[in-house]
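J.: test case, fold it:
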Amino acid sequence: MSKFQKVRGMHEVPIKDSLIWSQTIDHLIKIVKSFSYREIRLPILEQTELFRRSVGDETDIVNKEMFSFDSKSKKSISLRPEGTAGCMRASIEQGLLDQGQQRLFYYGPMYRYERPQKGRNREFYQFSAEAYGNESVYTDFELIQITEKIISSLNISNACLEINSLGSKECQEKFSKELVKFLTPLKNKLDEDSQKRLNFNPLRILDSKNQETQSFLKNAPKISDFYSSDSSKKSKDLKKLLDDYGIKYIENNKLVRGLDYYNDNVFEWKSDSLGSQNTFCAGGRYDSLSKKLGGRDTPAVGFSFGIERLILACKDNFIYQRPKLCNVIILEESFLNLGANFSDKIRDIFPSLEVRFSGLDINLKSQLKKAIKNNSNFAIIIGREEVESNSFSFKDLSADKNQESLSEEELISKLKELL
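T.: Numbering: from 1, shown residues only. Sure, this is the predicted structure:
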């Protein structure tokens, strides 16, 4: 009988990498909490119509990449392809937008039916933050500031910030008409995807990876020519804030996001070390999304990190802290309760210390071999001699030192010294 294998494109984290994952996410949580963001937990399943209305009917995500199915009540349900729409839906449903400005974060798996490759799976994890109710450009800046703080603290040295402004929805409509007018005579020379987008989503043509298409765009109208005075000011104000704070950036007037809800300032962080899938963080403003989903007019801006790509970018640079591990070993079955109780006591005194109790495995040589194989740092041994002398034998396995006989008080002091 053949062995079962994971479904193609689904992501599982090997045991050897789980510590890197948990510490990376904990690190992100610590930073966004320091900026007063609160966690919101969201469902993986949403109504398909939520994404059609928010992400856009003509986007690749909705047209090609969603895992959708009909429920027993014949409603179309989808595994979430991104988190922003669900977070906004939850905020409207829970009445959060009526309670003033909101700063929220969430993380978890997303699903898109794409060709699996390095840095891209059909199941992938995102960590996101969203700020609602503040139209100030300072909020755009602060979110970029948070991402920069995360990136620098993870020692990602080759990260590059790209920014652009898409203008207001009115600016985008005017620009799209002119772009279509410019490219229509060249339609047959454009790549296949761009030909399709010409009628339905012309802004995405700017993001084409086809070199010939990009060569035509060099002489195309620029979206900046269609900014309103308000959009122009927002773009200039953001750049001034970034300059004043010392965050370096590149202006990329072809930077567009693959989702229809964005307006004005957008940004991406990229790393050359990630190959073709080099964007590991992206964000921007989406002031019209709330109303589009049935809520009140609410300015909004957010960002998302792709956790897989973020870890690929920082894995070799960020110093992950492996918890210390201690094995408690008994040499007689009658000491089972003593060993279990003492193990619990050590866990209570040293919450950051991992404590493994051998239970009824009373072979000292075997237990020490297992402890060393598991990269254990310490061993505490309880045998007849230790019980009769009211002491413990302690061995530092990470250093070539002799075994010591210690009282309980001395043992706790010793662990405090080593941890």
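
J.: who's the nearest residue to Tyr262 once chain neighbours are set aside bridged to?
T.: Nearest non-adjacent residue to Tyr262, counting by C-beta to C-beta, 6 or more residues apart in numbering: Gly284, 4.8 Å away. Quick note: C-beta positions are derived from backbone N, CA and C, even for glycine. Counting by DSSP bridges, Gly284 forms beta bridges with Val266, Gly302.

J.: gap between the two ends of stretch 286-304?
T.: 13 Å (C-alpha to C-alpha, to the nearest Å).

J.: which residues of the stretch 251-400 of the chain score low on pLDDT?
T.: For the stretch 251-400 of the chain, the stretches flagged by pLDDT under 70 are 258.

J.: my guess is Leu242 meets Tyr249, correct?
T.: Yes - using C-beta atoms under 8 Å as the test, Leu242 is close enough to Tyr249 to be in contact (5.6 Å).

J.: give the residues shared as contacts by these two.
T.: Contact criterion C-beta atoms under 8 Å, 6 or more residues apart in numbering; residues shared by Leu242 and Tyr249: Ile163.

J.: C-terminal to the helix or strand containing Ser343, what's the next element?
T.: Assigned by DSSP states H and E, Ser343 falls within helix 336-349. Sequence-wise, the next helix or strand downstream of helix 336-349 (DSSP H and E) is strand 354-357.

J.: buried set for the helix or strand following that next one?
T.: Per DSSP H and E, the first helix or strand lying C-terminal to strand 354-357 is helix 364-373. Neighbour-count burial for helix 364-373, with 16 or more other C-beta atoms under 10 Å as criterion, is recorded at Leu364, Gln367, Leu368, Lys370, Ala371.

J.: and which of those residues is nearest to Ile319?
T.: Ala371 (24.4 Å; C-beta to C-beta).

J.: excluding chain neighbours, what is closest to the closest one?
T.: Nearest to Ala371 is Asn327, by C-beta to C-beta, 6+ apart, at 4.2 Å.

J.: any idea how far the one you found lies from Leu397?
T.: Distance, Asn327 to Leu397, by C-beta to C-beta, to the nearest Å: 8 Å.

J.: okay, and the common contacts of the two?
T.: Common contacts of Asn327 and Leu397 (C-beta under 8 Å, 6+ apart): Ala371, Ser376, Phe378, Ala379.

J.: in helices, which of the residues you listed appear?
T.: Ala371 (DSSP state H).

J.: as a markdown table, the shared contacts of Asn327 and Leu397 with distance to Phe69 would be great.
T.: Conversion of the shared contacts of Asn327 and Leu397 to a markdown table gives the following (distance: C-beta to C-beta, whole Å):
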| residue | distance to Phe69 |
| --- | --- |
| Ala371 | 49 |
| Ser376 | 47 |
| Phe378 | 52 |
| Ala379 | 53 |
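
J.: which two among the shared contacts of Asn327 and Leu397 are spaced furthest apart?
T.: Pairwise distances across the shared contacts of Asn327 and Leu397 (C-beta to C-beta) peak at 8.5 Å, for the pair Ala371 and Phe378.

J.: shared neighbours of those two, anything?
T.: Counting by C-beta under 8 Å, 6+ apart, the residues touching both Ala371 and Phe378 are Asn327, Leu397.

J.: was I right about Phe182 contacting Leu217?
T.: No - Phe182 lies out of contact with Leu217 (C-beta under 8 Å); the separation is 9.0 Å.

J.: okay, and the residue most central in space within the chain sits in which element?
T.: In the chain, the residue lying closest to the centroid (C-alpha atoms, centre = their mean) is Phe127, at 3.0 Å. Assigned by DSSP H and E, Phe127 belongs to strand 123-132.

J.: helices or strands up against whichever helix or strand comes after that strand?
T.: Proceeding N to C from strand 123-132, the next assigned helix or strand is helix 137-153, under DSSP H and E. Applying 3 or more C-beta pairs under 8 Å, 6 or more residues apart in numbering; DSSP states H and E, one finds that helix 137-153 contacts helix 15-34, strand 123-132, strand 159-165, helix 229-245, strand 263-271, strand 279-285, strand 300-306.

J.: buried residues in helix 137-153?
T.: Residues of helix 137-153 classed as buried: 137, 139-148, 150-151 (neighbour count, 16+ other C-beta under 10 Å).

J.: between those, which is nearest Leu203?
T.: Taking these together and measuring to Leu203 by C-beta to C-beta, the closest member is Asp140, at 19.4 Å.

J.: ok, the closest one - contacts?
T.: Asp140 touches Lys234, Leu238, Asp264, Asn265, Gly284, Arg285, Val301, counting by C-beta under 8 Å, 6+ apart.

J.: out of those, who's nearest Leu104?
T.: Nearest to Leu104 among these, with distances taken as C-beta to C-beta, is Val301, at 11.8 Å.

J.: show me the contacts for the residue lying closest to the closest one once chain neighbours are set aside.
T.: Distances taken as C-beta to C-beta, 6+ apart place Arg285 nearest to Val301, at 4.4 Å, with adjacent residues excluded. Counting by C-beta under 8 Å, 6+ apart, Arg285 makes contact with Asp140, Tyr262, Asn263, Asp264, Asn265, Val266, Pro299, Ala300, Val301.

J.: ok, residues contacting stretch 228-235?
T.: Val137, Asp140, Ser165, Gly167, Ser168, Glu170, Cys171, Ser224, Tyr227, Asp264, Asn265.

J.: so the fifth one touches Asn265, yeah?
T.: Which is Ser168. No - contact criterion C-beta under 8 Å: Ser168 and Asn265 do not qualify, at 11.4 Å.

J.: what separation is there between Pro116 and Arg122?
T.: 6 Å.

J.: shared neighbours of these two, which are they?
T.: Common neighbours of Pro116 and Arg122 (C-beta under 8 Å, 6+ apart) are Arg8, Gly9.
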